[in-house]
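J.: the sequence isn't on hand, but the structure is:
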């Protein structure tokens with residue numbers, strides 16, 4: 001049973017006990033219902049308190065039951081709330097720490113509520129593409145007002161209990177306790193003080209109106225339309241709250257329930273729920289138990305003060321971890337320090353950082369030109385030029401100065417971590433930490449596990465990633481790891497499309513309409529076209545059979561490396577990032593087609609999107625087969641957090657499942673017949689072919 005029952009004098013106390021956040025799973029719901037029945041049958045009990053054990057009142061639904069039959073079994077949360085409202089004795093909710101989603105709905109169904117200061121109050125369902133489904137949209141407006149309720153439900157943002165408690169006229173809390181420590185005693189006292197009060201107060205009976213009526217809701221819909229983008233839930237939250245102001249409580253609940261069921265079946269909600277689960281699963285490594293000991297990281301050393309090195313250092317400074325940053329030349333070190341100062345000063349100007357915080361962070365940073373100054377670091381991160389010889393030389397230096405037990409990490413985006421580790425006498429302490437640019441902003445961190453990387457090293461770095469607010473995804477060693485290995489196929493298809501008839505802006509517009517923030521050619525201009533050029537030169541030696549469009553090489557031969565040179569696939573004006581279509585590039589593409597004897601054809605947007613996205617899917621399937629990624633949802637997290645894949649699509653592997661893998665394979669077979677494409681690539685990965693034949697999906 002996930003709810004405990006105890007009697008304190010005339011008060012029965014039901015304590016939710018389903019760690020970590022007292023999720024309202026079937027056993028917990030049953031425990032509440034049983035406790036209510038037991039208390040009402042006991043003549044000595046005059047009032048009932050519901051509270052939560054540990055560090056939460058309740059965080060809402062039990063995520064372990066998502067997608068299982070238990071989530072639908074009675075008693076449902078609505079049934080439990082109805083039992084509370086119909087109880088013959090007053091029920092008091094004692095809230096502390098966290099009261100969110102279904103937990104907050106449970107509290108709103110109680111007759112009275114007392115809250116400790118510091119309790120996080122929220123309806124976060126909109127972030128799963130849903131709305132509160134057990135009366136939350138009908139009850140919250142009745143206790144805090146329509147506008148405050150709408151803002152809370154539509155945003156999904158967390159509000160502290162003391163802020164709500166100070167709102168004039170609020171009826172969410174009947175009392176605020178003096179402290180979390182005194183909550184239990186004060187809840188018992190409140191229970192005894194209201195034991196004989198009749199009739200029992202019900203939130204459902206409170207009035208619910210907005211003085212501006214239609215005008216307010218129309219204004220709100222117009223505002224939300226621009227902010228919600230591809231997601232339907234925010235606008236539907238408004239509809240449900242409007243129903244609370246226009247209908248009886250019972251009719252409003254029916255409207256809410258119908259909208260909840262409708263949203264549950266939308267692809268957008270399915271995508272968000274998939275990513276919610278994927279984010280929680282991403283840190284789990286099958287052969288590294290959760291209780292694996294971790295090494296202590298008290299100081300970090302970063303080798304390289306360029307764009308990446310400086311951004312990496314800022315992550316640790318932001319977390320209060322001292323950093324020593326090394327460069328080989330004073331001017332490069334000075335330039336790197338100046339860039340970090342400039343980044344922090346910009347945050348101060350925008351009000352995102354106080355002057356005191358800026359000063360504290362810079363005080364944790366120590367620049368140096370001497371490897372010997374790094375000797376006390378617990379973690380070393382190399383962020384130098386992406387060339388194996390350079391990295392090998394750095395790791396030999398680190399091996400010489402690092403203390404025993406220090407972790408040595410490379411920020412390489414494509415190179416062989418095992419080869420780097422072989423340059424040291426401690427390969428068990430070596431792994432990849434692939435940050436994404438700008439490293440102080442991007443959430444993704446690919447943690448690359450070498451053949452000999454120790455389990456405690458993995459456990460330490462995965463935990464440290466959380467500490468610096470990164471989404472850590474584990475990858476095995478291969479060229480490009482998860483993200484860049486897949487990206488190469490995406491970019492190759494974009495090149496073939498130019499050869500066959502597209503312009504860069506056509507391809508970019510198609511992918512941006514699909515939901516990417518930027519198409520592949522704008523991204524390449526931003527990152528620097530010379531980066532891809534260097535990879536293709538390496539491919540020509542290592543994998544001569546790999547087919548590419550030559551257009552990108554011709555562009556680089558003209559020195560058009562992107563925004564940093566003022567010209568790439570697009571033209572750029574000084575000080576601006578606007579991508580201006582280039583007549584020179586169009587002519588370059590046309591001339592290249594003539595050289596190849598290609599007659600351009602009109603290519604539909606659907607084909608552009610399918611070729612680029614399905615290229616990601618097929619390579620992702622190969623990555624799963626090769627054991628580079630352990631879960632398809634890990635691949636989705638890489639693409640959502642690191643590559644701008646549209647959130648409402650749920651990642652490439654999930655999206656392929658939404659379309660149906662059979663349909664994906666059929667399209668790939670069509671693409672393989674195109675003589676200007678790469679037929680060998682479009683042969684479905686065995687895993688993809690197998691799942692499609694069985695009518696299954698990746699996850």
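T.: Structure received. Since the model is a prediction, treat every value here as computed from it, not as a measurement. Residues are numbered from 1 along each chain as shown.
J.: when you work out contacts or count neighbours from here on, use the C-alpha atoms and nothing else.
T.: Noted.
J.: which outside residues touch stretch 536-555?
T.: With contacts defined as C-alpha atoms under 8 Å, 6 or more residues apart in numbering, stretch 536-555 is touched by 492, 495-496, 498-499, 529, 533, 561, 568-569, 585, 588-589, 592, 678.
J.: in helices, which of those residues fall?
T.: Members of those lying in helices (criterion: DSSP state H): 492, 495, 496, 498, 499, 529, 533, 585, 588, 589, 592.
J.: drop anything exposed from those.
T.: 492, 495, 496, 498, 499, 529, 533, 585, 589, 592 (16 or more other C-alpha atoms under 10 Å).
J.: ok, so of those residues, who is nearest residue 4?
T.: Ranked by distance to residue 4 (C-alpha to C-alpha), those are led by residue 492 at 59.5 Å.
J.: quick one: residues contacting the closest one.
T.: Going by C-alpha under 8 Å, 6+ apart, residue 492 touches 548, 549.
J.: could you check how far it is from residue 204?
T.: Taking C-alpha to C-alpha, to the nearest Å as the measure, residue 492 falls 59 Å from residue 204.
J.: what pLDDT is listed against residue 323?
T.: With respect to pLDDT, residue 323 scores 98.
J.: residue 568 against residue 525, yeah?
T.: Yes: proximity of residue 568 to residue 525 meets the contact threshold set by C-alpha atoms under 8 Å, at 5.7 Å.
J.: list the buried ones in the helix or strand where residue 235 lies?
T.: Using DSSP states H and E, residue 235 sits in helix 233-246. Of the residues in helix 233-246, 233-245 count as buried by neighbour count, 16+ other C-alpha under 10 Å.
J.: ok, which pair from those residues is furthest apart?
T.: Among these, 233 and 245 lie farthest apart (C-alpha to C-alpha), at 18.9 Å.
J.: what are the boundaries of the helices in the stretch 201-350 of the chain?
T.: Along the stretch 201-350 of the chain, the segments classed as helices by DSSP state H, counting those that start in this stretch run 214-228, 233-246, 249-264, 267-281, 307-318, 330-349.
J.: how far does the helix or strand of the chain with the lowest mean pLDDT sit from the chain's center?
T.: Of all regular secondary-structure elements in the chain, judged by mean pLDDT, DSSP states H and E, the least confident is helix 529-542 with a mean of 85. Offset of helix 529-542 from its chain centre (C-alpha atoms, centre = their mean, to the nearest Å): 31 Å.
J.: again with stretch 477-486
T.: With C-alpha atoms, centre = their mean, you get 20 Å for stretch 477-486.
J.: just stretch 159-178 next, same as before
T.: For stretch 159-178, the distance to the chain centre is 31 Å (C-alpha atoms, centre = their mean).
J.: could you list the domains of the chain?
T.: Annotated domains of the chain cover 3-264, 300-477, 484-694 [automatic domain parsing].
J.: tell me, how many residues neighbour the closest residue to residue 123 other than its chain neighbours?
T.: Distances taken as C-alpha to C-alpha, 6 or more residues apart in numbering place residue 101 nearest to residue 123, at 4.6 Å, with adjacent residues excluded. Here the count is done by other C-alpha atoms under 10 Å, and residue 101 has 26 residues near it.
J.: would you mind confirming that residue 397 is in contact with residue 370?
T.: No: in this structure, residue 397 is not within contact of residue 370 by C-alpha under 8 Å, at 10.6 Å.
J.: residue boundaries of the strands in the stretch 351-500 of the chain?
T.: Listed in chain order, the strands found in the stretch 351-500 of the chain under DSSP state E, counting those that start in this stretch are 365-368, 379-382, 407-410, 430-435, 444-449, 471-476.
J.: out of the ones you listed, which is closest to residue 276?
T.: strand 471-476 (12.3 Å).
J.: packing partners for the closest one?
T.: Counting contacts by 3 or more C-alpha pairs under 8 Å, 6 or more residues apart in numbering; DSSP states H and E, strand 471-476 is packed against strand 444-449, helix 455-467, helix 632-642.
J.: please identify the deepest-packed of the ones you listed.
T.: Across those, averaging neighbours per residue (mean count of other C-alpha atoms under 10 Å) puts strand 444-449 on top, at a mean of 26.
J.: quick one on the thing from earlier: identify the residues contacting the helix holding residue 235?
T.: 126, 129-131, 137-138, 141, 146, 150, 153-155, 208-210, 217, 220-221, 224-225, 228, 252, 255-256, 259, 263.
J.: if I pick residue 297, what's in contact with it?
T.: Contacts of residue 297 (C-alpha under 8 Å, 6+ apart): 378, 379.
J.: whoops, I mixed them up, residue 294
T.: 456, 457, 459, 460.
J.: could you redo those residues as CSV and give each row pLDDT?
T.: Shown next, in CSV, are these (pLDDT from 0 to 100):
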residue, pLDDT
456, 97
457, 98
459, 97
460, 98
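J.: between the residues you listed, which is nearest residue 423?
T.: residue 457 (17.9 Å).
J.: wait, that closest one sits on residue 292?
T.: No: using C-alpha under 8 Å, residue 457 makes no contact with residue 292, being 9.6 Å away.
J.: list the buried residues in stretch 641-652.
T.: 641, 642, 643, 645, 646, 647, 648, 649, 650, 651, 652.
J.: could the domains of the chain be laid out in TSV, adding distance to residue 282?
T.: Formatted as TSV, the domains of the chain follow (distance: least, C-alpha to C-alpha, whole Å):
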stretch	distance to residue 282
domain 3-264	15
domain 300-477	6
domain 484-694	6
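J.: which stretch among those comes nearest residue 281?
T.: That would be domain 484-694 among these, by C-alpha to C-alpha, at 8.1 Å.
J.: just give me how far the closest one sits from the chain centre.
T.: 24 Å.
J.: first to last residue in it, what's the distance?
T.: One end of domain 484-694 to the other measures 29 Å (C-alpha to C-alpha).
J.: same check on stretch 176-184?
T.: So stretch 176-184: terminal residues 12 Å apart, C-alpha to C-alpha.
J.: buried residues, it. List them.
T.: 176, 177, 180, 183, 184.
J.: now, which of those lie within strands?
T.: residue 176 (DSSP state E).
J.: below-threshold pLDDT in the stretch 301-450 of the chain: ranges please.
T.: Judged by pLDDT under 70, the stretch 301-450 of the chain has no weakly predicted residues.
J.: quick check: mean pLDDT of stretch 628-639?
T.: 97.
J.: so what touches that stretch?
T.: 274-275, 278-279, 282, 444, 446, 473-478, 481-483, 620, 623-624, 645, 650-654, 698-699.
J.: and these, which are buried?
T.: Buried, going by 16+ other C-alpha under 10 Å: 274-275, 278-279, 282, 444, 446, 473-478, 481-483, 620, 623-624, 645, 650-654, 698, out of the contacts of stretch 628-639.
J.: look at stretch 79-91 and report the distance between its end residues.
T.: Counting by C-alpha to C-alpha, you get 15 Å between the two ends of stretch 79-91.
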